[in-house]
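[1] Sharing a model prediction with you, sequence too.
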Amino acid sequence: MSVKHGILALLRERPGYGYQLRAAFEEATGSTWPVNIGQVYTTLGRLERDGLVVKTGEDEEGHVVYAITPPGAAELDDWFARPITQHDRPRDELAMKLALAVTVPGVDVAALVRLQRTHAQSTLHELTRRKLRAAEPALAWSLVLEAQIFQAEAEIRWLDHVEEQVCRRIG
């Protein structure tokens with residue numbers, strides 16, 4: 001999810017100002033994707049420049065309030081209607097690191113895999129603890145947390161595969 005589309009989604013629900021949007025964004029993602037306030041205001045500036053949001057005035061405390069425009073709602077609808085492709089996702093740094101490690105002489109690939117697996121297992125345990133501690137989590141938070149759990153599990157499975165491949169080829 002981009003910060004841009006996250007802000008548009010929040011503004012579709014109701015108008016708001018930067019700090020409200022930041023808090024709502026973090027609540028919706030279970031604080032798993034922290035966003036800094038500068039990023040929120042920079043994004044709001046671009047959205048306003050592009051005609052996707054407008055300033056509607058100030059609240060009683062002097063905060064500048066933004067609202068989504070019809071083109072902003074159309075952009076959000078379009079985003080929801082599109083699948084997320086591999087091109088939309090950032091590069092997989094771990095895959096790149098291991099691909100390079102098997103080509104560079106002197107790199108202990110097995111040790112690198114063990115280190116990464118230990119980290120992934122620790123992450124998985126922490127995420128599972130968070131899930132178990134949550135009494136009645138919000139659906140959005142639960143979905144994000146469960147996606148991270150699945151990703152950690154998949155990383156561990158992939159690392160097992162890499163280790164098997166490395167041992168078979170390198171010995």
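    Thanks, I have it.

[2] May I ask which helix or strand of the chain has the lowest mean pLDDT?
    Least confident helix or strand, the chain: helix 93-101 with a mean of 82, by mean pLDDT, DSSP states H and E.

[3] same for the next helix or strand along the chain from that one, what does it pack against?
    Next along the chain after helix 93-101, taking DSSP states H and E as the criterion, comes helix 109-133. Judged by 3 or more C-beta pairs under 8 Å, 6 or more residues apart in numbering; DSSP states H and E, the packing partners of helix 109-133 are helix 93-101, helix 139-170. For every residue, glycine as well, the C-beta is placed using N, CA and C.

[4] Single out the most deeply packed of those.
    helix 139-170 (a mean of 15; mean count of other C-beta atoms under 10 Å).

[5] which other helices and strands contact that helix?
    Right, helix 139-170 is packed against helix 18-28, helix 109-133 by 3+ C-beta pairs under 8 Å, 6+ apart.

[6] Packed most tightly, which of the ones you listed would that be?
    With neighbours defined as mean count of other C-beta under 10 Å, the helices and strands packed on helix 139-170 peak in mean count at helix 18-28, which reaches a mean of 18.

[7] Let me know the angle separating it from helix 139-170.
    60 degrees (axes from the mean of the first three to the mean of the last three C-alpha atoms, to 10 degrees).

[8] rounded to a whole number, what's the mean pLDDT of helix 18-28?
    Averaged over helix 18-28, pLDDT sits at 89.

[9] Who are the packing partners of that helix?
    Short answer (3+ C-beta pairs under 8 Å, 6+ apart): helix 18-28 packs on helix 3-13, helix 37-49, helix 139-170.

[10] So for the second one, what gets flagged as buried?
    It refers to helix 37-49. For helix 37-49, a neighbour-count test (16 or more other C-beta atoms under 10 Å) marks 40-41, 43-44, 47 as buried.

[11] got the contact list for that helix?
    Residues from elsewhere that reach helix 37-49 (C-beta atoms under 8 Å, 6 or more residues apart in numbering): 3-4, 7-8, 18-19, 21-22, 25, 53-55, 66, 72.

[12] Check the shortest one too.
    Contact partners of helix 3-13, identified using C-beta under 8 Å, 6+ apart, comprise 16, 21, 24-25, 28-29, 35, 39-40, 43-44, 46-47, 52-53, 66-68, 72-73, 75-76, 79.

[13] Spit out the contact partners of Pro83.
    Listed by C-beta under 8 Å, 6+ apart, Pro83 has no contact partners.

[14] Check Trp79 too.
    Taking C-beta under 8 Å, 6+ apart, we find Trp79 in contact with 5, 8.
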